[in-house]
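Student: I'd like to go over a predicted model; first the sequence, then the structure.
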Amino acid sequence: CQRTDKQSGKQSEETRYYISSLPATPSVIARAVRSHWAIENNLHWSLDVVFKEDASLKKKGNAAQNYHIIAKMALTMIERETSSKASKPQKRRRAALDDEYRSLLLAG
């Protein structure tokens, strides 16, 4: 893996190892790895935008992990709701203020 830090321009290189049943061609493996990380990055970005996870100060016991699980469940409910064209943060705010809309999300 070769990376370049956008701010400093510093380049780094590391070797990664994967266990897979895929045919061992570099293009197939690279596509699978990139696809996996695209999904992961999208989820983490969404959780940070909607729930401000990166700014969270939850550190005691299992609080951070518990909150993360609940946030993922809430994000899934927000994403499934298609009657509104509002953004995910707007849907979250509306669910906090509107009992009927929150019931709609929970009924999913």
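Tutor: Perfect, thanks for sending it.
Student: contacts and neighbour counts: CA atoms only from here.
Tutor: Fine.
Student: partners of the helix or strand that Arg3 is a member of, with directions?
Tutor: Assigned by DSSP states H and E, Arg3 belongs to strand 2-4. Strand pairing for strand 2-4, determined by DSSP bridges: strand 11-13 (antiparallel).
Student: quick check: next helix or strand after the strand it pairs with?
Tutor: Heading C-terminal from strand 11-13, the first helix or strand you meet, by DSSP H and E, is helix 26-51.
Student: buried residues in the next helix or strand after that next one?
Tutor: Next along the chain after helix 26-51, taking DSSP H and E as the criterion, comes helix 63-80. Buried residues in helix 63-80, counting neighbours by 16 or more other CA atoms under 10 Å, are found at 71-72, 74-75, 77-78.
Student: coming back round to it: pLDDT on the strand holding Arg3, on average?
Tutor: For strand 2-4, mean pLDDT rounds to 90.
Student: give me the contacts around it.
Tutor: For strand 2-4, contacts defined as CA atoms under 8 Å, 6 or more residues apart in numbering pick out 10-14.
Student: do the same with stretch 46-53
Tutor: If you take CA under 8 Å, 6+ apart as the criterion, stretch 46-53 is touched by 54, 68, 71-72, 75, 88-89, 92.
Student: give me the residue at the spatial middle of this structure.
Tutor: Nearest to the geometric centre of the chain sits Leu43, at 1.5 Å (CA atoms, centre = their mean).
Student: pLDDT score assigned to that residue?
Tutor: As predicted, Leu43 sits at a pLDDT of 83.
Student: re earlier: export the contacts of stretch 46-53 to CSV and append columns for pLDDT.
Tutor: Output for these, formatted as CSV (pLDDT from 0 to 100):
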residue, pLDDT
Asp54, 79
His68, 88
Ala71, 91
Lys72, 91
Leu75, 92
Lys88, 92
Pro89, 92
Arg92, 93
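Student: mind putting the residues you listed in a markdown table, distance to Gly108 included?
Tutor: As requested, the contacts of stretch 46-53 are exported to a markdown table (distance: CA to CA, whole Å):
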| residue | distance to Gly108 |
| --- | --- |
| Asp54 | 27 |
| His68 | 20 |
| Ala71 | 16 |
| Lys72 | 15 |
| Leu75 | 12 |
| Lys88 | 15 |
| Pro89 | 18 |
| Arg92 | 14 |
